[in-house]
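**Student:** next come a sequence and a model predicted from it.
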Amino acid sequence: MRITPVDAGALAASTFLQSSFWAAFKASFGWKALAFGFQLDDDDRPRGLSVLLRRLPLGLSFAYVPHGPDCYPPAEEQGSVLVALARALRKELPKGCLFLRFDPAWHEREAPAADSSEVPAAEASGSAEPPLDAAPAARRNVARPVYGKPLRKGSDVQPPDTVLIDLSRSPEELLAGMKSKWRYNIKLAEKKGVTVSDEGLAALDEFYALYTATSKRDGIALHPKAYYRRLFELAAADMGSPRAMEGLPRADIRLWVARHEGQALAAIVTMFYGDEAVYLYGASGDEKRNLMPAYALQWAAMRAAKDAGCLRYDLYGIPPVEDPAHPMAGLYRFKTGFGGELLHYAGSWDYVYRPLIYAILRSMERARLWWHKVLKKKMFLR
């Protein structure tokens with residue numbers, strides 16, 4: 001494994017999480033962006049790797065690789081590639097680095113479930129959730145990549161499960177791939193006069209007000225408004241950069257607002273990056289939810305992504321299985337109703353440099369995640 005430091009602004013990644021744009025964005029909020037070029041031992045192709053470094057007290061730190069490395073070895077070789085990268089990177093990272101956390105884009109695919117949408121769906125904070133007694137029995141396990149020692153399973157950072165829509169199909173085929181109730185809700189929103197438009201940074205205040213309401217209602221994390229403003233500012237700079245002029249992927253951030261009689265009912269933020277489109281954030285108010293604005297928003301974003309040349313629309317995050325007891329069961333029902341394949345990623349895997357301190361830090365991390373992702377959500381959703 002050969003690895004060398006490179007300019008972080010020169011990365012040309014196939015996924016936005018490995019892009020120089022995302023590295024610059026995270027660098028605005030406490031991370032240090034590092035970039036490397038590397039070559040696999042049996043491959044002459046040069047590749048890039050974005051690594052984010054987070055400082056901790058007492059001169060300690062940890063490193064994180066979101067959806068990298070940007071290569072796709074056979075399943076039986078994936079673990080050894082991560083280990084080789086972690087060992088090669090050790091000399092490039094600070095002495096106080098405790099561990100390197102990989103969050104690779106490697107995954108298993110699952111075909112979409114059959115249409116069971118004869119059960120009426122009620123919109124709830126951007127989700128379509130049927131009565132719980134109508135939901136099927138939950139599956140407890142899914143197939144996903146798993147690695148052995150010396151890698152250790154870490155706490156997931158990016159959503160380990162998602163729905164991916166194939167945008168190479170025609171609009172008619174996209175609609176046909178949805179559950180019938182979802183097609184009905186899209187048409188209902190249009191019939192009732194719901195309009196959707198890309199309003200960009202000008203609508204940030206309205207988006208944030210809706211997002212604040214969503215956060216209080218559903219117990220989800222909420223960044224300060226400056227976090228989302230910075231996302232748009234950096235994207236605007238990226239769109240006008242020499243990279244864009246050279247035809248390389250660039251970050252096209254859009255803020256879509258669904259309105260009825262001028263009132264903002266719901267909003268979403270999407271990113272178009274090369275071949276991929278990603279639904280990043282969604283927010284909805286408590287009024288006129290029967291007009292189904294969440295469905296209209298997703299359909300408008302999908303069509304725009306297709307027009308922009310994207311081949312995939314990533315709904316970005318669902319529970320691993322359809323489980324009515326899961327705090328976000330409605331999210332699963334809503335997103336899978338649009339059709340598409342279910343992707344189950346490997347999730348986060350750690351290569352440990354300092355085992356003793358790592359063990360202490362992981363215990364603290366597990367406690368924090370249990371509070372935020374389990375107990376807090378259950379308290380909000382009672």
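**Tutor:** Nice, thanks for sending it over.
**Student:** for stretch 84-102, the distance to its chain's centre please.
**Tutor:** Distance, stretch centre to chain centre, for stretch 84-102: 25 Å (CA atoms, centre = their mean, to the nearest Å).
**Student:** ok, stretch 303-314 next?
**Tutor:** On CA atoms, centre = their mean, the centre of stretch 303-314 falls 16 Å from that of its chain.
**Student:** go through it and flag the buried ones.
**Tutor:** Buried residues in stretch 303-314, counted by 16 or more other CB atoms under 10 Å: 304-306, 310, 312-314. In this view, the C-beta of every residue, glycine as well, is placed from N, C-alpha and C.
**Student:** average pLDDT across stretch 303-312?
**Tutor:** Across stretch 303-312, pLDDT averages out at 97.
**Student:** ends of it, how far apart?
**Tutor:** Length of stretch 303-312, first residue to last, CA to CA, to the nearest Å: 11 Å.
**Student:** just the ones of the buried residues of stretch 303-314 in helices?
**Tutor:** Secondary structure from DSSP state H places 304-306 of these in helices.
**Student:** from the buried residues of stretch 303-314, which is closest to residue 221?
**Tutor:** Taking CB to CB as the measure, residue 221 sits nearest to residue 314 out of the buried residues of stretch 303-314, at 19.4 Å.
**Student:** hey, what's the closest one bridged with?
**Tutor:** Bridge pairing for residue 314 (DSSP bridges) gives the partners residue 164, residue 278.
**Student:** quick one: residues contacting it.
**Tutor:** Residue 314 makes contact with 162-165, 276-279 under the criterion CB atoms under 8 Å, 6 or more residues apart in numbering.
**Student:** 10 Å - rerun?
**Tutor:** Contact partners of residue 314, counting by CB atoms under 10 Å, 6 or more residues apart in numbering, are 15-16, 159, 162-165, 270-271, 276-280, 305, 340, 343.
**Student:** just residue 311 next, same as before
**Tutor:** Going by CB under 10 Å, 6+ apart, residue 311 touches 165-168, 274-277, 305.
**Student:** likewise for residue 155?
**Tutor:** The contact partners of residue 155, taken as CB under 10 Å, 6+ apart, are 101, 347-348, 350, 362, 365-366, 368-369, 373.
**Student:** biggest separation within those residues, which pair?
**Tutor:** Greatest spatial distance among the contacts of residue 155 (CB to CB): 350 and 373, at 18.2 Å.
**Student:** which of these two has more neighbours?
**Tutor:** Set residue 350 next to residue 373 and count neighbours by other CB atoms under 10 Å: residue 350 wins out with 22 against 16.
**Student:** got a list of what the spatially closest residue to the more buried one that is not a sequence neighbour touches?
**Tutor:** Spatial nearest neighbour of residue 350, chain neighbours left out: residue 154 (4.1 Å); criterion: CB to CB, 6 or more residues apart in numbering. With contact set as CB under 10 Å, 6+ apart, residue 154 has these partners: 62, 64, 99-103, 347-352, 358, 362, 365.
**Student:** ok, 6 Å please
**Tutor:** Neighbour list for residue 154: 101, 348, 350 [criterion: CB atoms under 6 Å, 6 or more residues apart in numbering].
**Student:** contacts only, for the residue sitting nearest the centre point of the chain.
**Tutor:** Centroid-nearest residue in the chain, with CA atoms, centre = their mean: residue 316, separated by 4.1 Å. For residue 316, the contacting residues are 162, 278-279, by CB under 6 Å, 6+ apart.
**Student:** all helices for the chain, in order.
**Tutor:** Using DSSP H, helices in the chain cover 20-27, 75-89, 171-176, 180-191, 204-218, 225-239, 242-245, 293-307, 329-336, 355-370, 376-380.
**Student:** redo the ones you listed as a markdown table? Include distance to residue 197.
**Tutor:** Converted to a markdown table, these look like this (distance: least, CB to CB, whole Å):
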| stretch | distance to residue 197 |
| --- | --- |
| helix 20-27 | 24 |
| helix 75-89 | 42 |
| helix 171-176 | 18 |
| helix 180-191 | 13 |
| helix 204-218 | 12 |
| helix 225-239 | 16 |
| helix 242-245 | 23 |
| helix 293-307 | 8 |
| helix 329-336 | 22 |
| helix 355-370 | 37 |
| helix 376-380 | 31 |
